[in-house]
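**Student:** Next input, structure requested:
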Amino acid sequence: MEQQKLPNATLILVLGILSIPFCCCFTGVGGLVFGIITIVLAKKATAVYQENPELYTGYQNVKTGKLLAIIGIVLSALTLITYLVFLFFYPNVLEEYQRNAMEQYGL
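**Tutor:** Numbers count the residues shown, from 1 in each chain. Below you'll find the model as predicted:
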């Protein structure tokens, strides 16, 4: 029987890659979203692959995407924690930044 590509293997890899740069966007939530979606898809693809490994190719993409998603989730969590700690200890800094930006752009 001819081997077929594992479902969503390329998507898992792409989402895993995207979870890393998006860890800094939207206070870390972007990376968390991409990372969690990747982990869920990778779990499903791994289950499919484990049933009949000789039928599928592309499992390396799933493993790599899952690893990148884990890295993205950790970086996103650190970004989110840092952001929350910053807001907790320095709540007036954000207001001052907004006020300076409004003055600078004449708003």
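**Student:** Strands of the chain, start to end?
**Tutor:** Secondary structure of the chain by DSSP state E: the strands cover 4-5, 56-57.
**Student:** For residue 93, which of these is the nearest?
**Tutor:** strand 4-5 (49.7 Å; Cβ to Cβ). Where C-beta positions appear, they are placed from N, C-alpha and C, glycine not excepted.
**Student:** Just give me how far the closest one sits from the chain centre.
**Tutor:** Offset of strand 4-5 from its chain centre (Cα atoms, centre = their mean, to the nearest Å): 25 Å.
**Student:** mind exporting the helix or strand of the chain with the lowest mean pLDDT as PDB, just the C-alpha atoms?
**Tutor:** For the chain, counting by mean pLDDT, DSSP states H and E, helix 91-105 ranks last in confidence among helices and strands (a mean of 81). Provided in PDB are the C-alpha atoms of helix 91-105 (Å, rounded to 0.1, in the frame of the first residue of the first chain):
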ATOM      1  CA  PRO A  91       0.300  50.800  36.900                       C
ATOM      2  CA  ASN A  92       0.900  54.500  36.200                       C
ATOM      3  CA  VAL A  93       3.500  53.900  33.500                       C
ATOM      4  CA  LEU A  94       0.900  52.900  31.000                       C
ATOM      5  CA  GLU A  95      -1.200  56.000  31.600                       C
ATOM      6  CA  GLU A  96       1.900  58.200  31.300                       C
ATOM      7  CA  TYR A  97       2.900  56.500  28.100                       C
ATOM      8  CA  GLN A  98      -0.500  57.000  26.600                       C
ATOM      9  CA  ARG A  99      -0.500  60.700  27.700                       C
ATOM     10  CA  ASN A 100       2.900  61.200  26.100                       C
ATOM     11  CA  ALA A 101       1.900  59.600  22.900                       C
ATOM     12  CA  MET A 102      -1.300  61.700  22.700                       C
ATOM     13  CA  GLU A 103       0.800  64.900  23.200                       C
ATOM     14  CA  GLN A 104       3.400  63.800  20.700                       C
ATOM     15  CA  TYR A 105       0.800  63.200  18.000                       C
END
